[in-house]
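**Q** 3D model of this:
(chains A and B)
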Amino acid sequence: MIRGLGRWTVSKVSGFGDFALFVGRSFAAAVRTRRLPSRLVGAIYEQGVLCLPVILIVSVFTGLVLGLQGYYVLNRFGSEGMLGALVSLSLIREMAPVLAALMLVGQAGSALAAEIGIQRNSEQLVALETMGVNSLGYVVTPRLFSALAVFPLQTALFVVVGLWGGSLSGSLLLGVDSGIYWSSVEHAVEAKDLQECFTKATVFGLLTISICAYHGFHAHRQRGATGARAVSKSTTRAVVHASIVVLTADYVITSFLV
Amino acid sequence: MSSTHIADLILEVKDLHKSFGERRVLNGIDLDVARGSVTTVLGPSGAGKSVLLKCLADVEQPESGGIRFDGRPLDFRDHAARARFRSRCSFLFQGNALFDSLTALENVALPLEQTTDLPDEEIRARGMEALEQLELHHHWEQHPGQLSGGMQKRLALARAIVTRPELVFFDEPTAGLDPLRRNAVFSMIAKYQRQFGFTALVVTHDVVEALVASDRVALLNHGRICFVGSPGEFADSDHAVVRAFRDSAEALRSSLAGIHSDG
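**A** As a prediction, the model looks like this:
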């Protein structure tokens, strides 16, 4: 049992080291990658524009539900006027960065893991290397840089649309004065809340996209699976690991920043 | 072997070994490839032909042995030497390894875009020129999935030659193709090799097509090269392994012919 535990620990530590090297090499590859800006535009389109509908839908419903739940809780204490503060702080400090990251994992992360996995499977990545092209630089680097820009932007959009959703259910449906709602938002939100929000969004973006890219890039290493099965396994692992890491990182960052 | 012949060698392989775990795949390969020739490595499926090619093209790392390219020893740990080698070679994969999300022109232009500082107009012109040479210029906007198997093979060759390489590795270029297409692919390799002057190193198990299109033939068996010679010498050889391999290929042909005549 002890031997098994030791083997498991060594494999996890070496796996973490391998992942850290993968991320480091992907960033370092930016120096030697030609035409990175055009690849970056493509990656921003994938993570930004294509994920916009899901971010909009989830954010508006999150705001609506927060407004609804918050109103009935605050109503018990006669504090409906604090609805804006409750919705805004919940969104900015927790829900927007976490939910936006989880949505982006589901949409852009899974697509990325599957695409790179198929490229590995059909020898496209090896073909790049034989052409003298750094496969990390061509396939992964633009996605990592794009995540650093897109995740905070998507999170900001999530906050704005969520606040509007909260105002919709609170003011329009339940009768909280709109001026009171927005004034409560304005008084509740401080610079450090926004800092926490964007720190989380940036860290989640970097972690999730690199985890998804890592699993796709090493689809051929899946034990007991080859071909399409290896791609499906690596995609599933990517989504599960990235989601768990988002929630874990959320706790760690919150405990440091609160 | 004459000194002129030695000077004309583009690739020299000495005592190359490669294993996967306990399984020894290459067991001391010795092979010389003459500049401007079509050299074919024959061997049964699973003999390690593709592994040999991948070791030579720096896709797999051999455990031991020496490779000399253009008279100089190759050390793939030296990044500059590796980059120089890769800029002078191309690899045509068994499954073509084309990028599905890119058009035919973008696929061909990819190595130029990513490894040179040429302006966009020149890259496009050279990409179109390569497509035209392989009679694919009318399909430049199409994606690989919209092209037939033979066209995809030509597109992969266009991408391989667009950088004007001196040595092109062909990994089972006829795998999964019917006999007519197999013939066409080998004719294509021979035709473009003459046209562009590159050296071709092909691995395949198609004996007849290889004999017609090649200048030199090598036979790989149990991880070693057991025969090297001209196609004529291969056809006439009394070497036991050559004869067994030749006979098995002929037996297959005869049985196929029997099926046709019965039908």
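
**Q** confidence score at residue 5?
**A** Picking chain A for this. Reading off the confidence values, A:Leu5 has pLDDT 91.

**Q** wait, I meant chain B there
**A** Note on B:His5: pLDDT of 49.

**Q** now swap in B:Ser45 and tell me
**A** In this model, B:Ser45 carries a pLDDT of 79.

**Q** and the one 4 residues further on, by the same measure?
**A** B:Lys49 is assigned 90 on the pLDDT scale.

**Q** what about the closest residue in space to it that isn't next to it in sequence, how many residues nearby?
**A** Leaving aside its sequence neighbours, B:Lys49 sits nearest to B:Val203 (C-beta to C-beta, 6 or more residues apart in numbering or on different chains; 3.8 Å). In this view, the C-beta of every residue, glycine as well, is placed from N, C-alpha and C. Close neighbours of B:Val203, defined as other C-beta atoms under 10 Å in any protein chain shown, add up to 27.

**Q** tell me the SS of B:Val203?
**A** With DSSP: H, G, I helix; E, B strand; the rest coil as the basis, B:Val203 sits in strand.

**Q** how near is it to B:Thr39?
**A** Separation of B:Val203 from B:Thr39 (C-beta to C-beta, to the nearest Å) stands at 10 Å.

**Q** next one: A:Val139
**A** The spacing between A:Val139 and B:Thr39, counted by C-beta to C-beta, is 33 Å.

**Q** can I assume B:Pro111 is in contact with A:Thr130?
**A** No. Counting by C-beta atoms under 8 Å, B:Pro111 stays clear of A:Thr130, with 9.3 Å between them.

**Q** correct me, but A:Glu243 touches A:Leu104?
**A** That one is not Glu; residue A:243 is Ser. No. A:Ser243 is beyond contact range of A:Leu104, at 10.8 Å (criterion: C-beta under 8 Å).

**Q** more neighbours, the two?
**A** Each of A:Ser243 and A:Leu104 has its neighbours counted (other C-beta under 10 Å); A:Leu104 has more, 29 against 18.

**Q** got the contact list for the closest residue to that one other than its chain neighbours?
**A** Leaving aside its chain neighbours, A:Leu104 sits nearest to A:Cys51 (5.7 Å; criterion: C-beta to C-beta, 6+ apart). Residues near A:Cys51 by C-beta atoms under 8 Å, 6 or more residues apart in numbering or on different chains: A:Met103, A:Leu104, A:Gln107, A:Ala108, A:Val150, A:Gln154.

**Q** how far away is A:Cys51 from B:Arg216?
**A** Look at A:Cys51 and B:Arg216: by C-beta to C-beta, they are 55 Å apart.

**Q** tell me which parts of the stretch 1-150 of chain A are close to chain B?
**A** Applying C-beta under 8 Å from any C-beta of the partner chain, we find that the stretch 1-150 of chain A lies next to chain B at A:33-35, A:119, A:122-124, A:126-133, A:138.

**Q** before we move on, back to that, sort out which one of the contacts of A:Cys51 lies nearest chain B for me.
**A** A:Ala108 (15.2 Å; C-beta to the nearest C-beta).

**Q** neighbours of that closest one, just the number please.
**A** If we define neighbours as other C-beta under 10 Å, then A:Ala108 has 27 of them.

**Q** then the one 5 residues further on?
**A** The burial count assigned to A:Ala113 is 30, neighbours taken as other C-beta under 10 Å.

**Q** A:Arg223 too?
**A** Using other C-beta under 10 Å, A:Arg223 has 6 neighbouring residues.

**Q** doesn't it belong to a strand?
**A** No. The assignment for A:Arg223 by three-state DSSP gives coil, which leaves it out of any strand.

**Q** nearest the middle, which residue of chain B would you pick?
**A** The residue lying closest to the centre of chain B (C-alpha atoms, centre = their mean) is B:Phe170, at 1.7 Å.
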